[in-house]
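1. One predicted model, sequence on top.
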Amino acid sequence: MDFFSNLGMGFAVTLTPANLMFAFAGAVIGTAIGVLPGLGTPTTIALLLPATYKMDPTSAVILMAGIFYGAMYGGSTTSILLNIPGEAASVVTCLDGYKMAQQGKAGRALGISAMGSFIAGSLGVLGLSLIAPPLVALALKFGPAEYTSLVFLGLLMAVYLSEGSPLKGLLMMGLGLILANVGIDPVFGQGRFTFGVERLLDGINIVIVGMGVFGIGEVLINLETTEVREVFKTSLKGVLPTLDDWRRSWAAILRGSVLGFFIGVLPGGGATIGSFMAYAIEKRVSKNPEAFGKGAIEAVAAPESANNAASVSSFIPLLTLGIPGNASTAMIFVALMIHGIQPGPFLLQEHPQLFWGVIASMYVGNVMLLGLNLPLIGFWVRLLKVPYHYLAAFIVVICIIGAYSLNNSAFDVGAMLFFGVLGYFLRKGSFPMAPLALALILGNKLESSFLQSLQLSAADLGIFIEKPISVALLSTAALMVLIPLIRWLWHLKSGAKRG
Amino acid sequence: MVGGALLFLTGVGVILESIRLRIGTPISPQPGFFPFLEGLMLIGLSLILMILAWQGRGQRSEGLGEIRRPVYLVVGIGVYVFLLDPLGYVLATIPMAALVLWILGLRSWRAIGLVSVGLSIGTYLLFALLLGIELPRGLLTVLG
């Protein structure tokens, strides 16, 4: 079957009343959580997991994907109107978006960000549908050695590209790998790190960790501050960008889309880095860089386009290689596993309807989001007035239901609380959470493919440098570690000379 | 510094447990082989983190802020874990939701009562009855 017939099959899956409803629900929930500061995308997806247990897996992923890219649309609203980013990926939008709001141009800033998001999201989906199949064909050639190198590189990228210090990221990766060891070991069948607790033989469920670290942990952090949200009182009329706005923004939207797309494909890359890089590049290529930070519309258009394109393209490593690149796609990975579906190269062969259905739902979802965001901006702004205590009580209750329903056991609720406290202290220590979640998910795969490689090569570690794909992946990993190290040593040396 | 020390101790614990599990060799790895490498990694990295923190060059962590309210919530959910099965989801969730609302500054008892009862019953109806997720009925089982 060729590309168009595959996509046609995807649309046939998406355009059923039930899946259209889930795509719409995803877009609405995503916009809402994007608007609301204090509730992140991975948290929301983790919170929704129990609701998807009895759903069709394709519908579940359509819903969750909608939440993920929908949040990118909503995130700009709070950045522009409150100077508070609803999502990390909208931090940079505050710089010029809020300035535009102060100058009475909030409507135009919101408008260009929604239009940019739509164009970038649509281009991103087109890129995803074109790139994913050949990447699957390549991934099918992977043996255990290539897979080991790929997972290793994926984890390292998640560390080096996630926010915060790479050292702390590496520590979180180590901690995640250790947590993945808990339970029956995948190769020898022996219980590890269970300390005589029978329940731990099944391992630590990522849903419990996700709900604890992202859900309860986030509530605990927010409990420390009593945040007063003040919406900037300005005219929201004229949300359609003017011709002059388009003239200034179209190239920024295209550059942001392309850059965001490629950053999103990298594990750990994601929407946040994409938006920051798009802003930086836009400033560099601009004829009026001095206008940046003072309410330049192209400085809103570029990062908002980049974060949408990145959120869509981050599905590429998940769907084709089985490697979630960020915490949100990690939660979607978990949802697939709960339904007995292994994300990775075989997904396209074994579940083509899910694969193409989800892609087609993104085309539909982007159109829905444009319709939801521009005319309903007034409604989303009102949503900001919902006091946080109601939201927090709801998050805590949903986390409890999610954890309990895994095994109908209060023990799991206690375990979730433990991870909530752990997440709280780790956040306080500025440790990034994404490498922990990804290492926990991929830890067993890394170990079993590493040991399988050794079995195949009669314990010769050379197997990792004999296969060209593995060599390329490991060389990239080595460069990622060595370049910052050399740069650090260089700074140290030049600092010593100056001192 | 404290985070680094705790991670260092975790690494030591992992090494000890992996020795108990048997490490083997790279040619013939045993169940403790991978955890051993991970333990070494954690020890090495946490040592670097502690040295950088000691020299004042590390990335600064946030100080502990208003710790009372997070502690109240953790203790509240901790007690809830023990009450969930005997009392059942609906009855145990009402006081827990009320506690969260109170900790977050809601002071109207009427609003606290209405929201916590509504949240508890509403989520039960949604998840247990509509979505078919099993939640403990506890004391309510006597109602049949």
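-> Noted; the coordinates are in hand.
2. secondary structure class for the residue lying farthest from the centre of chain B?
-> Farthest-out residue of chain B from its mean C-alpha position, per CA atoms, centre = their mean: B:Ile27, at 38.4 Å. With DSSP: H, G, I helix; E, B strand; the rest coil as the basis, B:Ile27 sits in coil.
3. Name the nearest residue to it, sequence neighbours excluded.
-> Take B:Ile27 and drop its neighbours on the chain: the residue closest to it by CB to CB, 6 or more residues apart in numbering or on different chains is A:Ala459, 3.8 Å away. Every residue, glycine included, has its C-beta placed from N, CA and C.
4. That neighbour looks like it's in a strand, true?
-> No - judged by three-state DSSP, A:Ala459 forms no part of a strand; its state is coil.
5. so it makes contact with A:Ser453?
-> No - using CB atoms under 8 Å, A:Ala459 is not in contact with A:Ser453, being 9.7 Å away.
6. for stretch A:151-170, the distance to its chain's centre please.
-> 14 Å (CA atoms, centre = their mean, to the nearest Å).
7. Can you show me the CA trace of it as CSV?
-> This file holds the C-alpha atoms of stretch A:151-170, laid out as CSV (Å, rounded to 0.1, in the frame of the first residue of the first chain):
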residue,chain,number,x,y,z
VAL,A,151,18.6,3.0,23.7
PHE,A,152,21.9,4.2,25.2
LEU,A,153,22.0,7.2,22.8
GLY,A,154,18.3,7.9,23.4
LEU,A,155,18.9,8.1,27.2
LEU,A,156,22.0,10.2,26.8
MET,A,157,20.2,12.6,24.5
ALA,A,158,17.3,12.9,27.0
VAL,A,159,19.9,13.8,29.6
TYR,A,160,21.9,16.3,27.6
LEU,A,161,18.9,18.0,26.0
SER,A,162,16.6,18.1,29.0
GLU,A,163,16.5,21.2,31.2
GLY,A,164,19.0,21.7,33.9
SER,A,165,22.4,20.3,34.6
PRO,A,166,23.6,17.3,32.5
LEU,A,167,25.3,15.9,35.7
LYS,A,168,21.9,15.9,37.5
GLY,A,169,20.3,14.4,34.4
LEU,A,170,22.8,11.6,34.3
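8. what about that stretch and chain B, touching?
-> Yes - using CB under 8 Å from any CB of the partner chain, stretch A:151-170 reaches chain B at A:Gly164, A:Ser165, A:Leu167, A:Lys168, A:Leu170.
9. any chance you could map the helices in the stretch 101-250 of chain A?
-> Taking DSSP state H, counting those that start in this stretch, the helices of the stretch 101-250 of chain A run over residues A:106-139, A:144-161, A:166-181, A:206-210, A:217-223, A:243-265.
10. so how far is chain B from A:Ser409?
-> According to CB to the nearest CB, to the nearest Å, A:Ser409 and chain B sit 9 Å apart.
11. Buried residues in stretch A:5-18, which are they?
-> The neighbour-count check on stretch A:5-18 (16 or more other CB atoms under 10 Å in any protein chain shown) flags A:Asn6, A:Leu7, A:Met9, A:Gly10, A:Phe11, A:Val13, A:Thr14 as buried.
12. for the helix or strand hosting A:Gly365, packing partners?
-> Following DSSP states H and E, one finds A:Gly365 within helix A:352-373. Counting contacts by 3 or more CB pairs under 8 Å, 6 or more residues apart in numbering or on different chains; DSSP states H and E, helix A:352-373 packs against helix A:3-14, helix A:17-35, helix A:57-82, helix A:106-139, helix A:345-350.
13. Let me know which of the ones you listed is tucked in deepest.
-> Across those, the average number of neighbours (mean count of other CB atoms under 10 Å in any protein chain shown) peaks for helix A:57-82, which reaches a mean of 29.
14. So for it, mean pLDDT?
-> The average of the pLDDT scores along helix A:57-82 is 87.
15. could you point out where chain B is predicted with low confidence?
-> B:57-65, B:142-144 (pLDDT under 70).
16. burial count for the residue nearest to A:Ala291 when sequence neighbours are not counted?
-> Nearest non-adjacent residue to A:Ala291, counting by CB to CB, 6+ apart: A:Ala299, 7.9 Å away. By the criterion of other CB atoms under 10 Å in any protein chain shown, A:Ala299 has 30 neighbours.
17. Nothing else from me, thank you.
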